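Chemist: The following block contains a protein sequence and its predicted model.
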Amino acid sequence: MSTTPDPGLRSYIQPLDSPLTPVIEFNVISVEILPFQVVPTLVFSLNATESNGLEVFAVALSTQIQIDPARRTYDPETRVKLAELFGEPERWGATTHSFQWTRIEHLIQSFTGARAFTVNVPCTYDLEVAATKYFYGLADGRVPLTFHFSGTVIYKNEAGNMQICQIDWSTKAQFHMPVEVWKEAIAEQYPKGGWIRLAEDTLGRLHSRRGVRGLASFDACVVELLDDVG
C-alpha cells in the first residue's frame with residue numbers, strides 16, 4: 001500500500017508556527033489634576049509595552065475604569081457615609097461589587113517596544129452618580145481601580161505587511177488612586193461648595209420661597225429649610 005500523501009490534501013495542512021501578533025501590556029503610572037479645564041479633569045499617565053518586537057502603527061484603545069470597593073478597608077464613620085451605596089455594614093461582603101466609573105476612547109500613536117501616553121477622565125460632582133457618591137464618602141486613603149482595555153491594533157508583521165488584530169479581552173491593570181486628587185480637582189472647580197441636581201418643579205418652588213423670604217441665595221434658602229425641620 002502506497003504511503004505517498006495525496007497532493008489534494010496539502011491545502012488543509014496548517015503551518016506549525018503561527019505568525020506573531022502584538023502582545024501589549026499596560027501599566028498605570030500616576031494621576032494628577034489637569035488644570036484650566038471646563039470641568040474637573042484627572043489625567044492618568046500610562047505605559048504600553050509590546051513584547052514581540054513588532055512595529056505598532058496605532059492602537060484605537062477603549063479604556064473602561066472600574067472601582068473595586070472590596071479591595072480596601074473602611075472605618076465605621078465611612079461605612080455610615082457609604083450606606084446608601086452598599087447597605088448595612090454586615091451586608092458589605094455581598095454588596096461591595098466592582099462598578100464602572102467611566103469609559104474613555106483614546107488613540108495611541110506608533111511605537112516599537114513601549115510608549116507612554118495619557119488618559120483624561122472628566123469628573124462630575126453630581127451626587128446621584130454612584131462613583132461620585134463613593135469618592136465623596138471617603139475621607140482619605142486610596143481608591144482601588146481596575147483599568148480594562150480593549151480595542152484594535154494596527155501593526156506590521158514579520159513579512160512587512162500591515163495587519164490588524166484585537167487587544168486580548170483579559171488585558172487589564174490595577175491602580176490605587178489617592179482620593180485626595182479627586183477632592184482637589186472638585187474643590188478647584190467648586191471652591192467651598194458643591195452641586196446637586198434638582199427637578200424643574202423643585203427648583204421653581206425653591207426660587208419662589210427665596211423671593212418670598214427675601215433670602216440672598218439658594219444656599220441660604222436651603223439652610224433655612226433645614227433649620228426649620230432641625
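Modeler: Received it, and whenever you're ready, just let me know what you need.

Chemist: Quick check, central residue of the protein?
Modeler: With distances taken as C-alpha atoms, centre = their mean, I65 lies nearest the centre of the chain, 2.6 Å away.

Chemist: Let me know the pLDDT of it.
Modeler: pLDDT recorded at I65 is 98.

Chemist: can you check the one 10 residues further on too?
Modeler: In this prediction, D75 carries a pLDDT score of 94.

Chemist: Then Q14?
Modeler: Looking at Q14, its pLDDT is 44.

Chemist: Kindly report the same for S2.
Modeler: Predicted confidence (pLDDT) for S2: 51.

Chemist: do the same with the one 5 residues further on
Modeler: You'll see P7 listed with a pLDDT of 51.

Chemist: Likewise for P178?
Modeler: pLDDT recorded at P178 is 98.

Chemist: For it, which residues are in contact?
Modeler: By C-beta atoms under 8 Å, 6 or more residues apart in numbering, the contact set of P178 is 31, 141-143. The C-beta positions use only the backbone N, C-alpha and C, and glycine is treated the same way.

Chemist: can I get the residues you listed in TSV with secondary structure?
Modeler: Below are those laid out as TSV (DSSP: H, G, I helix; E, B strand; the rest coil):
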residue	secondary structure
V31	strand
G141	coil
R142	strand
V143	strand
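
Chemist: At which residues are the strands of this protein located?
Modeler: 24-33, 41-50, 55-67, 99-108, 111-112, 114-122, 142-156, 162-166, 172-178 (DSSP state E).

Chemist: got TSV for these, with distance to R197 too?
Modeler: Formatted as TSV, the strands of the chain follow (distance: least, C-beta to C-beta, whole Å):
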stretch	distance to R197
strand 24-33	24
strand 41-50	20
strand 55-67	21
strand 99-108	18
strand 111-112	42
strand 114-122	16
strand 142-156	23
strand 162-166	38
strand 172-178	25
